[in-house]
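Enquirer: I'd like to go over a predicted model; first the sequence, then the structure.
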Amino acid sequence: MAKINRTLKNFLIIFAVLLVIGAGVFAGLRYYNGIKEFGYQSDLFNEDNFADSGTNNILSANAGDIKKLIPGDKTGFVINFKNGGALTVSNLKITIKTPEHLKLSNDLQTPYPYDYNEKNGTIIFSVGTLSSQESGILKISFDILSPLIDGLLIESPEVKFDYFKESVFLGQGSDFSKDILPVKEKLIISSMAKLENSFIKLSVAHKYDSGDGQIKIKKADVLNLLIFVFNGGTMNAENVNLKISGLENLIITSSSEEIIIKNGEIDINIPLIEILGSKTLRITAAIDPGVENNHVFSPVLEIKSGKENLIKETQVSAVLKLFPDFTESKIAIADNNGGDTYNGEILNVNATITNIGDIEAANVTASLVLLETIKTYTGKTEWAFTEIKPGSSVSVTTQLKVSDTISRDVVSSVKLLIKADNSEKTDEDFTVSSNSIKIYYSKPFAGTSIPIVALHGIEPFAAGRWETSTENFDYLCSMLKSLGYQTITLMDLYNYVSFGKALPEKPVILTSDDGYQSLYTNAFPVLKKYGFKMTVFLIDGYIGNSEAERRNNDFDKGVGAVVVRPMLVWPEVNAMSNYGIEFGSHGITHSNLNQISLEAARNEMAASKADIEAHLRKPCVFIAWPHDAVDGELISLLPQLNYAGGIRYSGGVLDVTHINLYNLPRIPFTNDIRSSQYAGLLRLQ
């Protein structure tokens, strides 16, 4: 029994020992496993979540070992990121340092918010939480600054990942940072100046296009050169040399810069033309007087800058054409008799053919081109000249005749057609027109008498014997008009007698003595109403220069039946003269010329004529004898003093078959003559 107990006891001891050993082994194993897990979790916590460069990198948008960057252009990068760790990362921020010479593009589009510090070029993108094995892509675009020198190496953007990671097992969290390797490609600036859009342009103020890419010019023309050099490249153009050739026989008259032509060339150095900048030169040049005909001006622009060498030609060239030029030639026609022009009258023609061209005109012909209203008369209508040198003129004269068949008033002229064998111009270009003249239609005068009416003042209410009422004067003009009479002047009569000037079928002459103001205020409107003219004989010593100097008719002071009336002033006389009223002399003082000495009479007649001509700038060639007093000695003074004729106050209707211009008769109209007597006194038909 004791032996059994001892055996049991030993068994229990052994079992207890085994339990203790087993517990120790279990505790040891458990401790070992805990140590192992801690190490594992620590490794997970400390591992680099973005260690794989295959999934976490920055790449250039364009593949290749070398990436060429163009100033002013854009370049792009792709940033790949993937959480390759076992733990989730949070607050992931991708920081990019912008390389020098690049700037973040304004049109950047990204799903991630970002902050951009333009001053230091730092961009921080907030990606946030990224689970294990979760990935993303960030695309970024930069503007390439300009200008930049060619071959400049641009550094890769610096990229860094900052994030937070936490381990529950370890009961801790921490911030981590990861620098991403730069791009493998070399980023090199490819930059150059581009001057290919530069040009040279030739122009002239007056061009004559020949139709073959050339403009025809004259020696007097001025050539304008426009040189425009434009840098459309991506870098500044430095030390640009311009050479303009083909400038022989040109003389610079003005330019935008101080330049000279040497051996037909201009050489200019420009230190700098910035990107998209330009240089403009404007040159004005005259043509050398010694240049030969058909010389061609075709300037060429050569541009050198660095390795660039460009040749630019003008789109058009200019060819010098020397021709005669008759554009300054003139032709004038005038009535041979002076005054108005009627059917059948003779016209004097004076023409000057002037060559203002650069070369002599060879075998020149000039011929008149006539309208139907003007016919040939005497002398030539065509002329020929072997040559007319530049700057020279030749003059020709001839006479033409107004057609006898004109049936209405017309305005007419003549033309001179000039041609030369070496002229470039067409007939139309060298056709010179004369002045225009008005030709009045009238049936030929075939009568034997012309009534000349003698009047004085025209007053609304005539007083005294020598005045006529405005009403009666209007009646007289109306009656004459209705009967077909046309007024003429004494100069018209003189031209009829002396030169055969045509007169209207029914001519009549209206005259007035002394020069009363009523002629301007009362008679003048009536004359214009009927289109009539008149001859007024002035006592010019009583004609004032202004209203302040207006005088009265003191020369008749104390004479019975004469009312005190104001006289004309020169401004009124000029206005009437401009209309067509003729003015003659009635002396300076209204003295009875045959009751003073012949010398005094001469002086009065000469002074009156000179005074009237000085004021009106027209000939004064007729005198109305004051007080109707005339004798042979006075008449003898008329041709000596260049008077064409003299006229009395009375004498009746003029008989044209026996005309004495020095002693013409008139029919006096006074206040005591009734208007019903007018037609009979004038022998109107």
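Expert: Received, thanks. From a predicted model like this one, the values you see are computed outputs, not experimental measurements.

Enquirer: which other helices and strands contact the helix or strand that contains Phe583?
Expert: According to DSSP states H and E, Phe583 maps onto strand 582-585. Taking 3 or more C-beta pairs under 8 Å, 6 or more residues apart in numbering; DSSP states H and E as contact, the helices and strands that strand 582-585 lies on are helix 490-499, strand 535-538, helix 570-579, helix 598-616, strand 622-624. For the C-beta atoms, the positions are set from N, CA and C on the backbone; glycine is no exception.

Enquirer: Okay, buried residues for stretch 290-301 please.
Expert: Within stretch 290-301, the residues that count as buried by 16 or more other C-beta atoms under 10 Å are 291, 295, 297-299, 301.

Enquirer: no wait, stretch 302-309
Expert: Of the residues in stretch 302-309, 302-303, 305 count as buried by neighbour count, 16+ other C-beta under 10 Å.

Enquirer: a markdown table please, covering the residues you listed and showing distance to Phe45.
Expert: As requested, the buried residues of stretch 302-309 are exported to a markdown table (distance: C-beta to C-beta, whole Å):
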| residue | distance to Phe45 |
| --- | --- |
| Glu302 | 73 |
| Ile303 | 68 |
| Ser305 | 63 |
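
Enquirer: Are we agreed that Asp43 is in a strand?
Expert: No. The assignment for Asp43 (DSSP: H, G, I helix; E, B strand; the rest coil) gives helix, which keeps it out of a strand.

Enquirer: So Asp514 sits against His590, correct?
Expert: Yes. Counting by C-beta atoms under 8 Å, a contact exists between Asp514 and His590, whose distance comes to 7.4 Å.

Enquirer: Neighbour count: the two, which is higher?
Expert: A direct count of neighbours by other C-beta atoms under 10 Å for Asp514 and His590 places Asp514 higher, at 24 against 19.

Enquirer: Kindly state the beta-bridge partners for the more buried one.
Expert: The residues listed as beta-bridge partners of Asp514 by DSSP bridges are Leu538.

Enquirer: So which residues of the stretch 1-150 of the chain form helices?
Expert: In the stretch 1-150 of the chain, the helices defined using DSSP state H, counting those that start in this stretch lie at 2-46.

Enquirer: What sits closest to the spatially most central residue of the chain if chain neighbours are left out?
Expert: The C-alpha lying nearest the average C-alpha coordinate of the chain belongs to Ala205 (C-alpha atoms, centre = their mean; 12.0 Å). Closest residue to Ala205 in three dimensions, ignoring its sequence neighbours and counting by C-beta to C-beta, 6 or more residues apart in numbering: Val222, at 6.4 Å.

Enquirer: How is the residue nearest to Asn422 when sequence neighbours are not counted assigned, secondary-structure-wise?
Expert: The spatial neighbour of Asn422 that comes closest, neighbours along the chain excluded (C-beta to C-beta, 6+ apart), is Ala362 at 5.1 Å. Reduced to three states with three-state DSSP, the structure at Ala362 is strand.

Enquirer: And for Ala362, the neighbour number?
Expert: 14.

Enquirer: In this model Ala420 seems to touch it, though I could be wrong.
Expert: Yes. At 6.0 Å, Ala362 counts as touching Ala420 under the criterion of C-beta under 8 Å.

Enquirer: on that earlier part again, quick one: average pLDDT of the strand holding Phe583?
Expert: Averaging pLDDT along strand 582-585 yields 97.

Enquirer: which stretches of the stretch 1-150 of the chain have low pLDDT?
Expert: Counting by pLDDT under 70, the stretch 1-150 of the chain contains low-confidence residues at 1-4, 22-34, 62-65.

Enquirer: now the strands: where do they sit in it?
Expert: Across the stretch 1-150 of the chain, reading from the start of the chain, the strands by DSSP state E, counting those that start in this stretch fall at 57-60, 66-69, 74-82, 89-97, 102-104, 114-117, 122-130, 135-144.

Enquirer: Could you list every helix and strand in contact with the third one?
Expert: Contact analysis of strand 74-82 by 3+ C-beta pairs under 8 Å, 6+ apart lists strand 57-60, strand 89-97, strand 135-144 as its packing neighbours.

Enquirer: Which among the ones you listed is found nearest to Ser518?
Expert: Shortest separation from Ser518 across the helices and strands packed on strand 74-82 is recorded for strand 135-144, at 94.5 Å, computed as C-beta to C-beta.

Enquirer: List the buried residues for the closest one?
Expert: When burial is assessed from 16+ other C-beta under 10 Å, strand 135-144 yields the following buried residues: 136, 138, 140-144.

Enquirer: pLDDT at Thr280, what is it?
Expert: Thr280 is given a pLDDT of 92.

Enquirer: wait, which of the helices and strands packed on strand 582-585 is closest to Asp52?
Expert: For the helices and strands packed on strand 582-585, the distance to Asp52 is smallest for helix 570-579, at 110.5 Å, taking C-beta to C-beta.

Enquirer: What mean pLDDT does stretch 166-182 get?
Expert: 90.

Enquirer: excluding its backbone neighbours, what's nearest Leu250?
Expert: Sequence neighbours aside, Ala285 is the residue nearest to Leu250 in space, at 4.1 Å (criterion: C-beta to C-beta, 6+ apart).

Enquirer: Can you tell me the number of residues neighbouring that neighbour?
Expert: 21.

Enquirer: pretty sure it is touching Glu248, no?
Expert: No. Counting by C-beta under 8 Å, Glu248 is not a contact partner of Ala285; they are 11.0 Å apart.

Enquirer: before we move on, the earlier item: would you mind giving the buried residues of stretch 302-309 as JSON lines with distance to Tyr342, pLDDT and secondary structure added?
Expert: What follows is the buried residues of stretch 302-309, written out as JSON lines (distance: C-beta to C-beta, whole Å; pLDDT from 0 to 100; DSSP: H, G, I helix; E, B strand; the rest coil):
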{"residue": "Glu302", "distance to Tyr342": "73", "pLDDT": "92", "secondary structure": "strand"}
{"residue": "Ile303", "distance to Tyr342": "74", "pLDDT": "92", "secondary structure": "strand"}
{"residue": "Ser305", "distance to Tyr342": "80", "pLDDT": "88", "secondary structure": "strand"}
